[in-house]
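**Student:** Turn this into a structure:
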Amino acid sequence: MKKIKRLLLVGLVIIFALVTAVGCQNNEKDSDNQNEQKAESDNAQIESKGKITVAASPTPHAEILEQVREDLKEQGYELEVTEFTDYVQPNLVVDSGDINANFFQHQPYLDEFNVEQGTKLVSVASIHYEPLAIYPGKSTDLSNIPDGASIAVPNDTTNEARALLLLQSNGLIKMKEGAGLTATKNDIVENSKNIEIVELEAAQVSRVIDEVDFVILNGNYALNAGFNVATDSVAKEEQHSEAAQTYANILCVKEGDENREDIKALVEALKSDKVKKYIADTYQGAVIAID
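**Tutor:** The predicted structure is shown next:
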């Protein structure tokens, strides 16, 4: 009789355990369903705020934008980045309203573009600075540059002037007094080494590196070409120079869109400590965050 009671007791324990397990599984399923419903609800809220579209140069601009994608998603915004490799289309698509913002240029270039193209674009934030630098081509010693050496420079007005001023600061040429952001090679008044200035569209400069003695590259094009300003350049603009402030890369929108909530959210994300750390760790001096 005792044996039968023990068997009954064991049976009841097993049955209780099975019922408890099934109940836990059901509770887990209910919890999973609730979590899925909550996620769907959260996703619906994210979608309701819409999309932020940005035109950007691939490196470093699109890479930096990628760092804020999840941050914006948490605020309800979907970030869509379209990459461009030239300096014209990113402004035109923002001016036309096809894209909300762009991230690739500095203020002097934007000012010149607005005048020449009749666009109405404005800066909403300075994000980072990319030192313009001189890189070796057929020659490597800037202090012993050969007579008649050729140097390729960007041909847009502000970046060419910037390149010429960098050559002047390294004692290779002398510009006429007062030559500034609109300077061209016609403003050179001393050129003892008979240096030939080869003017090319900015994206093309790195492609002639084997054909000229030196090239002067914008930061993003140097990165695209696999150069590091800290280790590969023979001269560069200094971090705390006037150029660092003048040529800071900006987030740009069409006039009238400056106070849109989605643009404010984008600016805040790009100015975060997280992005500043990413820039410092990733580019190691080739790109410098602006406070």
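**Student:** so what's the residue nearest to residue 66 when sequence neighbours are not counted up against?
**Tutor:** Leaving aside its sequence neighbours, residue 66 sits nearest to residue 81 (C-beta to C-beta, 6 or more residues apart in numbering; 7.2 Å). C-beta: built from backbone N, CA, C; applies to glycine. Residues near residue 81 by C-beta atoms under 8 Å, 6 or more residues apart in numbering: 53, 54, 55, 56, 62, 65, 66.
**Student:** separation between the first one and residue 201?
**Tutor:** What that stands for is residue 53. 25 Å (C-beta to C-beta, to the nearest Å).
**Student:** same deal with the last one?
**Tutor:** Counting by C-beta to C-beta, the gap from residue 66 to residue 201 is 26 Å.
**Student:** pLDDT score for residue 237?
**Tutor:** Here the pLDDT value assigned to residue 237 is 87.
**Student:** wait, I meant residue 24
**Tutor:** 50.
**Student:** got it, and residue 38?
**Tutor:** Residue 38 is given a pLDDT of 53.
**Student:** With the one 4 residues further on instead?
**Tutor:** Reported pLDDT at residue 42 in the predicted model: 52.
**Student:** Identify the residues contacting stretch 191-201?
**Tutor:** Counting by C-beta under 8 Å, 6+ apart, 86, 145-156, 160, 164, 167, 172-174, 185, 188, 208, 212 sit against stretch 191-201.
**Student:** hmm, 6 Å instead?
**Tutor:** With C-beta atoms under 6 Å, 6 or more residues apart in numbering as the test, stretch 191-201 has contacts from 145, 147, 148, 149, 150, 151, 152, 153, 155, 173, 185, 212.
**Student:** swap in stretch 89-107?
**Tutor:** Against stretch 89-107 from outside (C-beta under 6 Å, 6+ apart): 52-57, 61, 84, 113, 119, 121, 123, 247, 249-254.
**Student:** quick one: average confidence on that stretch?
**Tutor:** Rounded mean pLDDT across stretch 89-107 is 97.
**Student:** can you give me phi and psi for residue 116?
**Tutor:** Phi and psi for residue 116, reported as degrees, to the nearest 10, are phi -70, psi -40.
**Student:** what's the span of stretch 270-289 from first residue to last?
**Tutor:** Distance between the two ends of stretch 270-289: 10 Å, counting by C-alpha to C-alpha, to the nearest Å.
**Student:** could you point out which element follows the helix or strand of the chain with the lowest mean pLDDT?
**Tutor:** In the chain, the helix or strand scored least confidently by mean pLDDT, DSSP states H and E is helix 2-48, which has a mean of 54. Next helix or strand after helix 2-48 toward the C-terminus (DSSP states H and E): strand 51-56.
**Student:** How far away from the center of its chain is that next one?
**Tutor:** Mean-position distance between strand 51-56 and its chain equals 12 Å (C-alpha atoms, centre = their mean, to the nearest Å).
**Student:** what do you get for stretch 123-138?
**Tutor:** That offset, for stretch 123-138, works out to 11 Å (C-alpha atoms, centre = their mean).
**Student:** That stretch: which residues count as buried?
**Tutor:** Burial within stretch 123-138, assessed by neighbour count using 16 or more other C-beta atoms under 10 Å, is assigned to 123-137.
**Student:** Show the end-to-end separation of it, please.
**Tutor:** 39 Å.
**Student:** ok, now stretch 131-141?
**Tutor:** 20 Å.
**Student:** what's in contact with that stretch?
**Tutor:** Contacts of stretch 131-141 (C-beta under 6 Å, 6+ apart): 162, 166, 209, 212-216, 227, 229, 232-237.
**Student:** Highest neighbour count among those?
**Tutor:** Among the contacts of stretch 131-141, the one with the most neighbours (other C-beta atoms under 10 Å) is residue 215, at 29 neighbours.
**Student:** All set now, cheers.
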